[in-house]
Every structure is written in C-alpha cells, then in structure tokens.
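Novice: here is a sequence with its predicted model. Questions after.
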Amino acid sequence: MIPKRYTFLLFLFCIQLSFFSCKEKMPETITFSEHIAPIIYKHCTTCHRTGEAGGFNLITYQDVAARKSVIKLLTRSRLMPPWPADATYSHFIDEKILTQNEIDLISNWVDQQCPLGVTGNIPDLPAFPVGSQLGKPDLVIKYQEPYKIKGDGRDRFLLMRVPYQIPCDTFVSAVEVVPGNRKLVHHVNAQLLSYDFDKRKDVIKGNTVVDIKNYPTVIDAYKNLDIPNDDGSFPMMTYSLTNYLPGVVPPIYPEGIGGFEFNRKGAIFLKDIHYGASRVDAKDQTRFNVFFTSHKPTRPLKEFQLGTFGVSPIVPPLVIPPDTIMTFHSDYVLPADISVLTVNPHMHLLGKQFLAYAITPSADTIHLIRINQWDFKWQYFYTFPKMLHLPKGSKVHAEGVYDNTRHNANNPFSPPRLVAERAGSMRTEDEMFQFIVTYLPYHPGDENISLEQPKK
C-alpha cells in the first residue's frame, strides 16, 4: 500500500506523464513536402492566392520559403491565420486556428533552413474555386463599368444599382461579394430588387450610381438611380441580401433555411457602399457570386443589432475623449424565443476588445463571442456549429473596449483627438459599436440542427 503522504505526489506525476504522452512527437527532420505543405494548403492558400485577400501567394515551396521568417513570426503570435474569436470562449464553424503542434512544425522547419523533402511527396494543391471562397458560382453579376474613384482623400458613400436578367426565376442560397479593389472597399450592404417581368421593359438601362448627399430625399435618389418600374411604381425590395466587411464570407445554411428568390429581372441594390479615402486615382469593379439552389426557402432569416442603428442604446454614449481607454455596453431583452445562427461584432479602428453573452431568465449565462484583440481588417460572420436557443426574456449583452491613446497603432489621429459615433456616420475615422445577430424564430429541435456544410 502506498503511504498517504506519497499519494498526492504520485497524482501530480501521473498528470505530468499524461501531458507529455499526449503531446505529439516532433520529427527529427521537418520537410515542406511531408509536414509543411499540408498545413499551408489547409490554412493559408485559400486566401493567399491570386485574386484573394492575402495579398501574395502561398502555393509553391518557393512562395513559402521566401516568407519563412514572417510566417514563423505571425503563426507563433497567432496573428495568422486570422481568427479573432477566442476559441476558449465559444466555437464556430470553419475556425481558422493552428494547433500548437502545427505552429511548432512551422517554427522548427524554419530553424532547420526549410528542407524541401521529396518533391514527389508534395500533396496535390486543393481545387480552390477561382474568384470565390465558396465554390464555383452559378451566376456572376458585376458593375457594367468600373467605378472611378478620385484620389482626393475623401470617403465616398454611394447608392448603386447592379442590374441582371436571367432566363427564369430561381432560388438562391447565397450571394458572395468580391471587391474589385480590396484596399478601398470598406463595406457593402446590399438588398435585392425584384421586378415583375411586364412592369420593367428594360431593367439594364438607366443610371447605376448616385451619391446620396446630392439629393434632398431618399426617394429623389432612388428615382435618379432608375429604380422605379416603367409606370413609376417601385419594385419589391428584399432586405439583407448580402453584406461585406473585410474578411467576411457569407454563410450557406442548410436547405430551406435562409436563401432568396431571384426574379428573371432584378437588380442588386447597394443601399450603402463605402469607398475609403484614396490619394491616387483608382477603380473598382466589384462583383457578386450567386449560388443557386433547387430548394425554396421555408424559414427566412431575421436579424437585429445592438448599438449603432440598433434596437438598444449604447451606454454611455459612444464618445471617446483623447488619451482614454473606455468600455461601452448595450443590452437587449428578447421578446420571444429565438434560434441564433450567426453573430457579427463591428467596431472601427479604436476597437480593442469585444464581448457578447446572453443571460437567460433562469440566470444561466450563454457565451456568444469574445475577441481579445480586435482587428479591423478581419470581421467575420461567425456561425455556430448548431443553432443556439435563446429563450424569451434572455438579456443579450454586448460590450466593447476602445483605445483612443497614442499606444494604439491603428489610431487614425496623431496626436489622439475626440472620436465619436456621429449621427450614424460610417466613416472609418468615426466609431461604431454593433452586435448583429442573425436568427430564426425558435422551433423545438432547432438546437440539434447542424449548420456545417457536408464535406465534399
């Protein structure tokens, strides 16, 4: 029998032994062909390829070896691949997170001077869809002509009508925004205009872009944009067709959930597209990848947002004096049971941290999302693996920390100056605080429905 005084030491030894036995053994020689290429292809190449957000390719051995030091630094610091959400707080589908073993493999490979290995053992490059993060689109709708952006250092907030005509009415599962100029397209909020076939003879002709500040009313702007039917009536508008922020890829939900119906004649109406300031003349020809489905949407998506433009106020008002770090809150009590699919936090350049959770009427806390290091460049739509049931009476709480000091490298002003939410201004230099929730009215059993797409 083991003496009692040794029992605790034995317990600690067993835990330590278990830890080391679970840790993956590091190969003596790490090669690109056997160890590194699979990591790069899985986590990096989807964005680091021609036409995507990565800015440079990570496809070949030469691509990766040429940036070895940067890759080691950014993966060890977990800045890459970009996934701001804290995986110890809540989980979402398609998390872009390296394991510690993968990080160690990359680091040791660089330290070993990047051995190539047997070239015949390099895995085949995955069949990434060209010009898309979702797959091969069934339809591509784009500006008829590139939009010219003057290099006058001014932000632009525009209305655009991007018309289309297709052979027949069809159902659509998702619409993906692909900016033509990723440096200047800050955000896109798009609706769908659906024309009755006989009410608009030619949906293509007419003005396609206006600056809303040049018109006394929204209706005047809409008319100048040639939105009305030939008889002056307005077509049906479907809200929240698609949205874009840096890093956003629209989710595709299971059959029957969400989706849209595209009439033969229609237009993607950019109720708000924001081009950031540029000091040189530039162009943009954003396009929209449309994915068809044979399934009629039976449960249309709903949405609410806390904070700016939302259902609940920001407390205190979003005013951030210079040389301060401040925390702001917003709360909303649910009037009915809902099933949450996707959440999207939004702040601008002074954002530092973000937290959202729900407290049920029985005082249970349900984690929604935590971002410990806000990154304006990556603002995902975070979709839960399964729908999340929030009962009626639950309080949804969001809080954001803002850093308006000189220590914030992203601060747009030097020295810092007062920054605030200015009448809903979306300018990058102003601030916003939003927590957007995509949901369905709750049906019993929703919490068992997987939102992950089947692996192909």
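Specialist: Okay, I see it.
Novice: just the CA atoms of stretch 443-456, as PDB, please.
Specialist: Listed next in PDB are the C-alpha coordinates belonging to stretch 443-456 (Å, rounded to 0.1, in the frame of the first residue of the first chain):
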ATOM      1  CA  HIS A 443     -38.800  25.700 -33.400                       C
ATOM      2  CA  PRO A 444     -38.400  22.800 -31.000                       C
ATOM      3  CA  GLY A 445     -35.400  20.800 -32.000                       C
ATOM      4  CA  ASP A 446     -33.500  23.700 -33.700                       C
ATOM      5  CA  GLU A 447     -30.600  23.200 -31.200                       C
ATOM      6  CA  ASN A 448     -30.000  19.800 -32.800                       C
ATOM      7  CA  ILE A 449     -29.700  21.100 -36.400                       C
ATOM      8  CA  SER A 450     -26.100  21.200 -37.700                       C
ATOM      9  CA  LEU A 451     -25.200  24.400 -39.600                       C
ATOM     10  CA  GLU A 452     -22.000  22.900 -41.000                       C
ATOM     11  CA  GLN A 453     -21.800  22.100 -44.700                       C
ATOM     12  CA  PRO A 454     -21.200  18.500 -45.700                       C
ATOM     13  CA  LYS A 455     -17.600  17.800 -46.700                       C
ATOM     14  CA  LYS A 456     -17.200  17.300 -50.400                       C
END
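Novice: figure out how far that stretch is from the centre of its chain.
Specialist: 20 Å (Cα atoms, centre = their mean, to the nearest Å).
Novice: what do you get for stretch 113-129?
Specialist: Centroid separation for stretch 113-129 versus its chain: 29 Å, with Cα atoms, centre = their mean.
Novice: only alpha carbons, please: show that stretch as CSV.
Specialist: Provided in CSV are the C-alpha atoms of stretch 113-129 (Å, rounded to 0.1, in the frame of the first residue of the first chain):
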residue,chain,number,x,y,z
GLN,A,113,16.6,26.2,-43.0
CYS,A,114,13.4,25.0,-44.7
PRO,A,115,14.2,21.5,-46.1
LEU,A,116,12.2,20.7,-49.2
GLY,A,117,12.0,17.0,-48.9
VAL,A,118,11.0,14.7,-51.8
THR,A,119,9.2,16.8,-54.3
GLY,A,120,7.0,13.8,-55.4
ASN,A,121,5.6,13.7,-51.9
ILE,A,122,4.2,17.2,-52.0
PRO,A,123,0.4,16.8,-51.8
ASP,A,124,-1.8,18.0,-54.7
LEU,A,125,-2.9,21.5,-54.4
PRO,A,126,-6.6,21.6,-53.4
ALA,A,127,-9.0,22.6,-56.1
PHE,A,128,-9.7,26.1,-54.9
PRO,A,129,-12.5,27.9,-56.7
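Novice: list the buried residues in that stretch.
Specialist: Of the residues in stretch 113-129, Cys114, Pro115, Gly117, Ile122, Phe128 count as buried by neighbour count, 16 or more other Cβ atoms under 10 Å. For every residue, glycine as well, the C-beta is placed using N, CA and C.
Novice: contacting residues for the first one?
Specialist: Cys114 sits next to Phe32, Val64, Ala65, Lys68 when contact means Cβ atoms under 8 Å, 6 or more residues apart in numbering.
Novice: run the last query once more with 6 Å
Specialist: Ala65, Lys68 (Cβ atoms under 6 Å, 6 or more residues apart in numbering).
Novice: per-residue pLDDT, it?
Specialist: For Cys114, the pLDDT comes out at 95.
Novice: give me phi/psi at it?
Specialist: phi 60, psi 60 (degrees, to the nearest 10).
Novice: so Gly256 touches Thr298, yeah?
Specialist: Yes - using Cβ atoms under 6 Å, Gly256 makes contact with Thr298 at a distance of 4.3 Å.
Novice: thinking again about what came up before, between which two of the buried residues of stretch 113-129 is the distance greatest?
Specialist: Pro115 and Phe128 (25.7 Å; Cβ to Cβ).
Novice: how many residues are close by Val396?
Specialist: Using other Cβ atoms under 10 Å, Val396 is surrounded by 25 other residues.
Novice: got the phi and psi for it?
Specialist: phi -90, psi 120.
Novice: rewinding a little: adding distance to Thr365, write the buried residues of stretch 113-129 out as TSV.
Specialist: As requested, those are exported to TSV (distance: Cβ to Cβ, whole Å):
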residue	distance to Thr365
Cys114	46
Pro115	49
Gly117	48
Ile122	47
Phe128	40
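Novice: what about the helices in this structure?
Specialist: 4-22, 37-43, 61-66, 68-76, 100-111, 218-224 (DSSP state H).
Novice: so who does the residue lying closest to Asp272 once chain neighbours are set aside touch?
Specialist: Once flanking residues are discounted, Asp272 sits nearest to Asn189: 4.4 Å by Cβ to Cβ, 6 or more residues apart in numbering. Neighbouring residues of Asn189 by Cβ under 6 Å, 6+ apart: Asn243, Lys271, Asp272.
Novice: what about Asn189, distance to Pro129?
Specialist: Using Cβ to Cβ, to the nearest Å, we find Asn189 at a distance of 24 Å from Pro129.
Novice: stretch 55-67: how far from the chain's middle?
Specialist: 25 Å.
Novice: repeat that for stretch 187-202.
Specialist: 25 Å.
Novice: now stretch 309-319
Specialist: That offset, for stretch 309-319, works out to 22 Å (Cα atoms, centre = their mean).
Novice: between the helices of the chain, which gets the lowest average pLDDT?
Specialist: Per-stretch mean pLDDT for the helices of the chain is lowest at helix 4-22 (a mean of 43).
Novice: tell me the contacts of the residue lying closest to Ile449 once chain neighbours are set aside?
Specialist: Residue nearest to Ile449 in three dimensions, not counting chain neighbours: Met387, with 5.4 Å by Cβ to Cβ, 6+ apart. Each residue near Met387 by Cβ under 6 Å, 6+ apart is listed here: Ser339, Leu341, Asp446, Glu447, Ile449.
Novice: from those residues, which is closest to Pro316?
Specialist: Leu341 (30.9 Å).
Novice: quick one: the nearest residue to that closest one once chain neighbours are set aside and Gly400, what's the gap?
Specialist: Among residues not flanking Leu341 along the chain, Thr438 sits closest, at 5.0 Å (Cβ to Cβ, 6+ apart). Distance of Thr438 to Gly400, computed by Cβ to Cβ: 19 Å.
Novice: for the two, indicate the residue with more neighbours.
Specialist: Taking neighbours as other Cβ under 10 Å, Thr438 and Gly400 compare with Gly400 leading, 29 against 21.
Novice: shouldn't the more buried one be in contact with Ser330?
Specialist: No - judged on Cβ under 6 Å, Gly400 makes no contact with Ser330 at a distance of 8.6 Å.
Novice: so Phe413 versus Thr428, what's the distance?
Specialist: From Phe413 over to Thr428 (counting by Cβ to Cβ), the distance is 11 Å.
Novice: in terms of packing, which of those two has more residues around it?
Specialist: Higher neighbour count among Phe413 and Thr428: Thr428, with 17 against 14, using other Cβ under 10 Å.
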